[in-house]
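**Q** would you be able to build a 3D model of this:
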Amino acid sequence: MAYRLKTATALIGALVLAMAVPAHAEKIFVSNEQDNTVSVIDGDSLEVVDTINVSRRPRAMALSNDKKYLFVAGGDDEAVDMIDIATHELVQTLSSGPDPEVIRVDPNRPYIYISNEDDNIVTVIDYEKRTRVTEIPVGVEPEGIGISPDGRWVVNTTETTNMAHFIDTEEMRVTQNVLVDARPRHAEFKHDGSEVWVSSEIGATVSVIDMDKFEIKHTINFDVPGVTRESVQAVGVELSSDGKRAYVALGPSNRVAVVDQETYEVLDYVLVGQRVWHLALDTAEKRLFTTNGVSGDVTVIDVETNEPQVSIPVGRFPWGVIVVE
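**A** Numbering: from 1, shown residues only. As a prediction, the model looks like this:
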């Protein structure tokens, strides 16, 4: 009888422990720019469980609307690879135009928008038909691509022109241009579509653009204590869906800035790996994953405490990161 009681107590204890530990049925995909691979991290163990060979110099990634495919931009092969999320197998390689860097998927149509850095265009591809839809002229050295939640606007940032170009997706042409700080890298829409945040690497700022007026309503500056001004380079941006927090990767400063989305106040700087490039929240928005190019790892941050929890070694020069449930 005592044995049965002890066994039952142990089972109850194990069940309570299992319920107390949050489950993360997620995969975290990380593009490794110099290894020509994508690392797959298990959301539970936080370990690399697979490595996918892709086109040369992989950078930005995006998901198909049905979350069946991962798209990976291969800059040196002028390609976008389609990867099956379930099997990690290469399905097809699409011709992307010269030097694809950043890609985004239209939420309403099977279209991929691609910044072609060497050609000063944004290429649009129908990934279901595997055909090119159109090419849209933009400024010099197109880099970042952002798309509004309703799919009406695509924003392309151009590093040399120092502009955010607003593409009307119904007309497939640039209809608005906004001058921002030096070398704009990333464009990220708020989840309600009211603003787009554009980071500028050399300017070390984020320009918050009002989508009603197509004007900058606020400029966020970063000043990391003990870090030289030239090391503070704003790159990746991630915005929480509740409209409360924003996270900005600050490059060689090895910091992620935590920003209040409503007041634009910088609340904290979190120390991560070397040359933090891009970042992504998990589906529950409890953890933030950052790619650290020089140290070749991913830092996992607890967003409730703003504390780094673990560093995960991946390939050489990790660039992009995306979380899939």
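
**Q** could you use CA atoms for every contact and neighbour count after this?
**A** Fine.

**Q** next, count neighbours for residue 225.
**A** 8 (other Cα atoms under 10 Å).

**Q** please apply the same query to residue 174.
**A** 18.

**Q** any idea what it is bridged to?
**A** On the basis of DSSP bridges, residue 174 is bridged to residue 167.

**Q** for it, list the residues it contacts.
**A** 136, 137, 138, 165, 166, 167, 168 (Cα atoms under 8 Å, 6 or more residues apart in numbering).

**Q** in this structure the second one contacts residue 120, no?
**A** Right, residue 137. Yes: Residue 137 lies in contact with residue 120 (Cα atoms under 8 Å); the separation is 6.2 Å.

**Q** ok so residue 208 is a strand residue?
**A** Yes: checked against DSSP: H, G, I helix; E, B strand; the rest coil, residue 208 lies within a strand.

**Q** that older thread, got TSV for the contacts of residue 174, with neighbour count and distance to residue 103 too?
**A** Formatted as TSV, the contacts of residue 174 follow (neighbours: other Cα atoms under 10 Å; distance: Cα to Cα, whole Å):
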residue	neighbour count	distance to residue 103
136	16	14
137	17	16
138	25	15
165	25	15
166	23	15
167	23	14
168	16	17
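
**Q** between the residues you listed, which sits nearest residue 244?
**A** residue 166 (25.2 Å; Cα to Cα).

**Q** pretty sure the closest one is touching residue 187, no?
**A** No: using Cα under 8 Å as the test, residue 166 is too far from residue 187 to be in contact (10.8 Å).

**Q** now list whatever residues contact both of those two.
**A** 155, 156.

**Q** with pLDDT added, can I get the contacts of residue 174 in CSV?
**A** Shown next, in CSV, are the contacts of residue 174 (pLDDT from 0 to 100):
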residue, pLDDT
136, 98
137, 98
138, 98
165, 98
166, 98
167, 98
168, 98
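
**Q** so what strands line up beside the helix or strand hosting residue 136?
**A** Using DSSP states H and E, residue 136 falls within strand 131-137. Strand 131-137 has the following sheet partners, assigned by DSSP bridges: strand 121-126 (antiparallel).

**Q** contacting residues around the strand it pairs with?
**A** With Cα under 8 Å, 6+ apart as the criterion, strand 121-126 contacts 96-97, 110-116, 131-139, 142, 156.

**Q** which of those count as buried?
**A** For the contacts of strand 121-126, a burial check counting by 16 or more other Cα atoms under 10 Å picks out 96-97, 110-116, 132, 135-139, 142, 156.

**Q** returning to what we had before: I'd like the contacts of residue 174 laid out as CSV, including distance to residue 252.
**A** Output for those, formatted as CSV (distance: Cα to Cα, whole Å):
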residue, distance to residue 252
136, 33
137, 32
138, 29
165, 27
166, 29
167, 31
168, 35
